[in-house]
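> sequence-free structure coming up:
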């Protein structure tokens, strides 16, 4: 499983189903644009990493949501990026379907193409529980490919607390390498004021190219990330991010900051 599948840098493929707000609570403003830059420090002789990420979200009639994202990134002395677009469709009060298509360039750590399809359904009174099932497939340089399944459950608790947990199971070619990444997140806050989000993941990855002639295969990794979103006025605010990532070959500490605007 490539790192971009689980990294906060590209959120679109992982956020097509559930929002931070409580169920059936619309966001105050229908459009959001955000721009975030990040800098990563790696040990074990690895070069520094940096990225610029732009995202847009548009709330449409009937609860539908359109999303777009552009990632420009340098890591392991290679430069690449991804452009992604997604659409979430409310089929019925308790059923949601979402799709995402991403196109990338730059080498083996960015998918040339990736497609995700997700189905979500609400459970319980007022939809306090949401289950999510997604299928994805990605194709990379060198005849590499990923295909897999993502399962997750989201629960909305009193006090504006949102919890999510799940697993991403993946099969990579060549070699039919199996990997699985477990993840959990907690979000606290309210729209128009601030959000704190904590996300942790732990599991295995299939492939990661750390230099032109060196590739990690079937290895364990873990990460812990924190995001703070603070409104400074009704239409705009600040974003701050921090992440620690570790595998047997190196560690990475990343800090990011940015702005968002709504209208």
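Alright, I've got the coordinates. Bear in mind that the values here come from a model prediction, so they are computed numbers and not experimental data.
> ok, what's across the strand from residue 49?
Residue 49 has these beta-bridge partners by DSSP bridges: residue 40.
> can you check residue 252 too?
residue 42, residue 245.
> Please look at it and residue 38 and confirm they touch.
No. Using C-beta atoms under 8 Å, residue 252 is not in contact with residue 38, being 10.7 Å away. The way it works is simple: take the backbone N, C-alpha and C, and place the C-beta from them, glycine included.
> What ranges does the stretch 1-150 of the chain have for its strands?
Assigned by DSSP state E, counting those that start in this stretch, the stretch 1-150 of the chain shows strands spanning 31-42, 49-59, 65-75, 78-92, 95-105, 113-123, 129-139, 145-157.
> which residues does residue 205 bridge with?
With DSSP bridges as the rule, residue 205 is bridged to residue 219.
> How about residue 79?
So, taking DSSP bridges as the rule, residue 79 has residue 74 as bridge partners.
> and what of residue 85?
Those that pair with residue 85 in a beta bridge, by DSSP bridges, are residue 68, residue 101.
> so can I have JSON lines of the strands of the stretch 1-150 of the chain showing mean pLDDT?
As requested, these are exported to JSON lines (pLDDT from 0 to 100):
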{"stretch": "strand 31-42", "mean pLDDT": "98"}
{"stretch": "strand 49-59", "mean pLDDT": "97"}
{"stretch": "strand 65-75", "mean pLDDT": "97"}
{"stretch": "strand 78-92", "mean pLDDT": "97"}
{"stretch": "strand 95-105", "mean pLDDT": "97"}
{"stretch": "strand 113-123", "mean pLDDT": "97"}
{"stretch": "strand 129-139", "mean pLDDT": "97"}
{"stretch": "strand 145-157", "mean pLDDT": "97"}
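> Nearest to residue 248 among these would be which one?
strand 31-42 (13.8 Å; C-beta to C-beta).
> Output the below-cut-off pLDDT ranges for the stretch 151-263 of the chain.
For the stretch 151-263 of the chain, no stretch has pLDDT under 70.
> Any chance of a markdown table for the strands of the stretch 1-150 of the chain, columns mean neighbour count and distance to residue 166?
Shown next, in a markdown table, are the strands of the stretch 1-150 of the chain (neighbours: other C-beta atoms under 10 Å; distance: least, C-beta to C-beta, whole Å):
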| stretch | mean neighbour count | distance to residue 166 |
| --- | --- | --- |
| strand 31-42 | 17 | 24 |
| strand 49-59 | 18 | 22 |
| strand 65-75 | 20 | 20 |
| strand 78-92 | 17 | 18 |
| strand 95-105 | 19 | 15 |
| strand 113-123 | 18 | 11 |
| strand 129-139 | 18 | 7 |
| strand 145-157 | 18 | 3 |
